[in-house]
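*Asks:* Okay, here's the prediction I keep looking at, along with the sequence it came from:
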Amino acid sequence: MGLMTSPNPLIFSEIDPDPAPFVLTQAARSTALVFASPHSGRHYPASLMEATRLDGLSIRQSEDGYVDQLIAGGPAQGASLIAATYGRAYLDVNRSPLELDPTMFDGDLPPDQVRTSARVSAGLGVIAKVVAEGQEIYRDRLAPTEAQARLETVHGPYHQALSELLAQTQQDHGLAVLIDWHSMPSAASGGGWGRAGSDFVLGDRHGTSCGSGLTRLVDESLTRMGYQVARNSPYAGGYTTEHYGRPSKGIHALQIEINRRLYLNEADLTLSQGFAGLKRNLDRLIGILAACPWAERLA
């Protein structure tokens, strides 16, 4: 997909009417790196748009807009890339499939398929109740079968592909290094949420999802580029980082949050003039990661 410098926020889908749940781009040359972009999907099915009380721009407020384009240079430098295609407001692949809110459904969900969490309570479960601004998505309750259908067609295939990609990478290199890429609203980088003015937040589940050498290398590299970097506050890593990050078993997972003000006009979700410079710097970071002797750094 080519770079869109002025995307129309009222166009719900930039891809096929019934797309696959993810796009997988294999690396041109193999390294231990696996990139994931779970929240940059821009496809909103007609069924969702018929059920929502929101307009096309409002429902996109939870997107990690164009993060997949920011890291599109990964495969050329050795990092395989999996990017979700469906909008986060439809199904959030960075949530446990059990993080469902029973109050959203017109009927009972199987008790063994529901797990409460702070994210569910906030309306941001695997099927979200609200978008980032706290606006409710749906006019009416959903049928319980809708939850199962979305999980089976989007969540399951995405994580099966990611699991297989990590397993193959580990088999080829002795370990796998998963970077889960996100973007955060500029309001989340200061104003009492975290360290004021953070350009990036690195989440390693407080040192449990990856070896310290990975977090340190990314932190130092971005800092040398002039960015302000925070760790684990306000984002310590979501489901993907927690679920896959098993350093003792050779799989290291780090979440990277990018401040949207660096590249995006947050009001209308169009790309700003900062996009090109940020992408160049991320390409530099990707090159550093690709050249790293991970077996030594993460020993």
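*Replies:* Everything's here; your move. Small disclaimer: the values here were computed from a predicted structure and weren't measured. Residues are numbered from 1 along each chain as shown.
*Asks:* Next, the contact list for the most centrally placed residue in the chain, please.
*Replies:* Centroid-nearest residue in the chain: Pro38, 3.4 Å away (criterion: CA atoms, centre = their mean). The contact partners of Pro38, by CB atoms under 8 Å, 6 or more residues apart in numbering, come to Asp64, Ala84, Arg88, Asp92, Val93, Asn94, Tyr158, Asp180, His182, Thr240. C-betas here are computed from N, CA, C, even on glycine.
*Asks:* go with 6 Å
*Replies:* Ala84, Val93, Asn94 (CB atoms under 6 Å, 6 or more residues apart in numbering).
*Asks:* now swap in Ile179 and tell me
*Replies:* Ile179 sits in contact with Phe35, Leu254, where contact means CB under 6 Å, 6+ apart.
*Asks:* Mind doing that once more with 7 Å?
*Replies:* The contact partners of Ile179, taken as CB atoms under 7 Å, 6 or more residues apart in numbering, are Leu33, Phe35, Leu254, Ile256.
*Asks:* likewise Lys279?
*Replies:* Counting by CB under 7 Å, 6+ apart, Lys279 has contacts Leu70.
*Asks:* any idea how far Tyr244 is from the residue nearest to the centre of the chain?
*Replies:* 12 Å (CB to CB, to the nearest Å).
*Asks:* Quick check: which ranges of this structure have low pLDDT?
*Replies:* 1-16, 189-196 (pLDDT under 70).
*Asks:* can you tell me which of the contacts of Pro38 lies nearest to Pro110?
*Replies:* For the contacts of Pro38, the minimum distance to Pro110 (CB to CB) is 20.7 Å, reached by Val93.
*Asks:* ok so the closest one is a strand residue?
*Replies:* No. With DSSP: H, G, I helix; E, B strand; the rest coil as the criterion, Val93 is located in coil rather than a strand.
*Asks:* Now do the strands in the stretch 151-299 of the chain.
*Replies:* 176-184, 200-203, 229-231, 251-259, 264-265, 270-271 (DSSP state E, counting those that start in this stretch).
*Asks:* want to throw these into TSV with distance to Ala79?
*Replies:* Listed next are the strands of the stretch 151-299 of the chain as TSV, based on distance: least, CB to CB, whole Å:
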stretch	distance to Ala79
strand 176-184	8
strand 200-203	17
strand 229-231	20
strand 251-259	13
strand 264-265	22
strand 270-271	22
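*Asks:* circling back to that earlier point, considering the contacts of Pro38, which is situated nearest to Gly78?
*Replies:* Using CB to CB, the contacts of Pro38 come closest to Gly78 at Ala84, 21.6 Å.
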